[in-house]
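# quick one, structure for this:
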Amino acid sequence: LDYRSYTWKSKEEVAVYSNMVAEHCDIIIGGREEFDNLEIDIAPNDRTDEATAARWFERRAQVVVVKHGGNGSVVYTRNGESYKAGIFPSNNVIKTFGAGDSFAGAFIYGLMQGWPIPKCQKYGSASASIVVSSHSCSDAMPSLAKIEQFLEAFKEKQIRL
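Modelled structure (predicted):
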């Protein structure tokens with residue numbers, strides 16, 4: 001899900017078209033606000049992460065990821081597992097755009113490699129942290145090697161603290 005208010009006439013329009021696409025997805029990744037927009041008509045009074053995941057598991061979804069910006073993410077799987085992960089704090093946040101795309105790219109890469117979900121979340125979060133500390137968006141999207149260097153540096157920094 002990638003909601004940009006300036007590209008839509010109304011939140012109702014967002015809900016119609018986003019639902020049409022989401023109905024065909026195995027993996028749905030979005031921020032809480034994006035899921036709220038998606039569910040504006042189907043669940044106006046029940047917008048918890050758990051209820052959101054359950055609704056999409058009634059359809060085709062196998063994995064639902066609800067991102068909470070600086071508060072991390074929660075991943076739910078159709079088989080009843082859930083994983084909550086935080087973020088990598090950054091003192092150098094320049095801008096936030098691109099973070100969601102970067103998170104999704106690394107997360108999906110991990111899934112395609114057969115990684116466990118917690119590792120996918122960790123790499124997604126690290127990737128997003130790298131992107132927000134750059135002036136660029138697409139040019140700042142990190143390679144696997146760059147994410148691993150970031151994680152190693154973060155681990156070393158934690159040990160020294």
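# ok now stretch 82-97, how far from the chain's centre?
Chain-centre distance of stretch 82-97: 11 Å, with CA atoms, centre = their mean, to the nearest Å.
# ok, and what's touching it?
50, 53, 69-76, 117-118, 121-122, 125-126, 128-129, 132-135, 137, 150, 154 (CB atoms under 8 Å, 6 or more residues apart in numbering). Bear in mind the C-beta positions are built from the backbone N, C-alpha and C, glycine included.
# among those residues, which are in strands?
The members of the contacts of stretch 82-97 that map onto strands under DSSP state E are Ser73, Val74, Val75, Tyr76.
# what bridges to the third one?
The one in question is Val75. Val65, Tyr83 (DSSP bridges).
# what residue ranges in this structure score low on pLDDT?
For the chain, residues meeting the criterion pLDDT under 70 lie at 43-44, 91, 158-161.
# where do the helices sit along it?
Here the chain has its helices, by DSSP state H, at 11-22, 32-38, 49-57, 99-112, 117-132, 144-160.
# then the first one to CSV, C-alphas only?
In other words, helix 11-22. The C-alpha trace of helix 11-22 is given here as CSV (Å, rounded to 0.1, in the frame of the first residue of the first chain):
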residue,chain,number,x,y,z
LYS,A,11,-10.4,8.4,0.8
GLU,A,12,-13.4,6.5,-0.4
GLU,A,13,-11.8,6.3,-3.9
VAL,A,14,-8.6,5.0,-2.2
ALA,A,15,-10.6,2.3,-0.5
VAL,A,16,-12.3,1.1,-3.7
TYR,A,17,-9.2,0.8,-5.8
SER,A,18,-6.8,-0.4,-3.1
ASN,A,19,-9.3,-3.1,-2.1
MET,A,20,-9.5,-4.2,-5.7
VAL,A,21,-5.8,-4.8,-5.8
ALA,A,22,-5.3,-6.1,-2.2
